[in-house]
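A.B. asks: Here's my sequence, what's the structure:
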Amino acid sequence: MICTLCPRNCGAERAPEHGTGVCRMGTLPKIARAALHRWEEPCISGTRGSGAVFFSGCGLRCVFCQNESISQRGEGKIVTPKRLSEIFRELEAQGAHNINLVTAAHFVPAVLDALALYRPNIPIVYNSSGYESVETLRMLEGAVDIYLPDYKYIDPNMAAMLSGARDYPDTAHAAIDEMVRQTGAPVYDQDGMMTRGTLIRHLVLPGLTGDSIRILEQICDDFPGIPVSLMGQYTPCGRALSIPGMDRKIKKKEYARVLAYMEAVGLTGYRQEL
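C.D. replies: Below is the predicted model of the structure:
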């Protein structure tokens, strides 16, 4: 196939098991891990864990990625859509609250094929960097119950320097707008588990609290009622260790400043203990 699934729109030729695009993946899903995952937000992981399927490859090139061996070096095992559907069934049988598709943008057609073979009786979560094509997201309408996007940057220069994607701010905003259109306001069951909706994640980066506040302001203005997960676990690793300012963890006062703004403007959601 000639691929235009992600915002890179690189038109790369992708064979079943290898590709020449930014993600360097073929069309068959490549999976690094599939297991119950207990470290998402409480409304996603619950008490039994989220059935997380970690896909290899990524359209971004984040210098601080903690999963670089998966996202950029492509470690993992190639599976067919039939085997992927069986993995969904197995995770459901293990008690997963949901099926959590982690960084699946470049495998959307295969994911849809797998869901056509077996649709679990639990919510489908699309766990995303936020760097998504609206056209590809529209392919997922009706198949995804919960969107879990990052909203990483509001400054194109920072997006270019840290993730190699100057268009990230506008692209992510448009993608989240589409996700919210599809899911509407969040819905929870009697146990507090999200069954439908969009939950926006934002990772506070060192020295960039002003940017974080601008992102929260934009969420407040453009996505009212959508919960936010404010994350503070930034850890310098990989190429980030050689970038001045990115080679340290965030300070408690940095996180506290952004959290105070989040609470002041009435954004609901989750906070992370540092």
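A.B. asks: For the rest of this, base every contact and every neighbour count on C-alpha atoms.
C.D. replies: Will do.
A.B. asks: which residues in this structure form strands?
C.D. replies: 2-3, 12-13, 30-37, 50-55, 77-78, 99-102, 124-128, 146-149, 187-188, 194-198, 200-203, 228-231, 269-271 (DSSP state E).
A.B. asks: what is the rounded mean pLDDT of the last one?
C.D. replies: For strand 269-271, mean pLDDT is 96.
A.B. asks: again with the third one
C.D. replies: When pLDDT is averaged along strand 30-37, the result is 98.
A.B. asks: so what's Pro149 bridging to?
C.D. replies: Ser128 (DSSP bridges).
A.B. asks: Roughly how far does it sit from Met1?
C.D. replies: According to C-alpha to C-alpha, to the nearest Å, Pro149 stands 26 Å off from Met1.
A.B. asks: if you count what's nearby, which of the two comes out ahead?
C.D. replies: Counting neighbours by other C-alpha atoms under 10 Å for Pro149 and for Met1 shows that Pro149 has the greater number, 23 against 12.
A.B. asks: ranges for the helices of the stretch 151-274 of the chain?
C.D. replies: Along the stretch 151-274 of the chain, counting by DSSP state H, counting those that start in this stretch, helices occupy 156-163, 168-183, 209-222, 252-264.
A.B. asks: Quick one: those as a markdown table, columns for distance to Gly192, mean neighbour count and mean pLDDT too.
C.D. replies: Below are these laid out as a markdown table (distance: least, C-alpha to C-alpha, whole Å; neighbours: other C-alpha atoms under 10 Å; pLDDT from 0 to 100):
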| stretch | distance to Gly192 | mean neighbour count | mean pLDDT |
| --- | --- | --- | --- |
| helix 156-163 | 34 | 18 | 97 |
| helix 168-183 | 17 | 20 | 98 |
| helix 209-222 | 23 | 18 | 98 |
| helix 252-264 | 21 | 16 | 97 |
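A.B. asks: out of those, nearest to Ala114?
C.D. replies: Ala114 lies closest to helix 168-183 among these, at 20.8 Å (C-alpha to C-alpha).
A.B. asks: Export that closest one to PDB, keeping only CA atoms.
C.D. replies: Below are the C-alpha coordinates for helix 168-183, written out as PDB (Å, rounded to 0.1, in the frame of the first residue of the first chain):
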ATOM      1  CA  TYR A 168       2.100  19.000  16.000                       C
ATOM      2  CA  PRO A 169       0.100  21.700  17.800                       C
ATOM      3  CA  ASP A 170      -2.400  22.300  15.000                       C
ATOM      4  CA  THR A 171      -2.600  18.700  14.100                       C
ATOM      5  CA  ALA A 172      -3.200  17.500  17.600                       C
ATOM      6  CA  HIS A 173      -5.800  20.100  18.200                       C
ATOM      7  CA  ALA A 174      -7.700  19.100  15.100                       C
ATOM      8  CA  ALA A 175      -7.300  15.400  16.100                       C
ATOM      9  CA  ILE A 176      -8.700  15.900  19.600                       C
ATOM     10  CA  ASP A 177     -11.600  17.900  18.200                       C
ATOM     11  CA  GLU A 178     -12.500  14.900  16.000                       C
ATOM     12  CA  MET A 179     -12.100  12.500  18.900                       C
ATOM     13  CA  VAL A 180     -14.400  14.700  21.100                       C
ATOM     14  CA  ARG A 181     -16.900  14.900  18.200                       C
ATOM     15  CA  GLN A 182     -17.000  11.100  18.000                       C
ATOM     16  CA  THR A 183     -17.300  10.300  21.700                       C
END
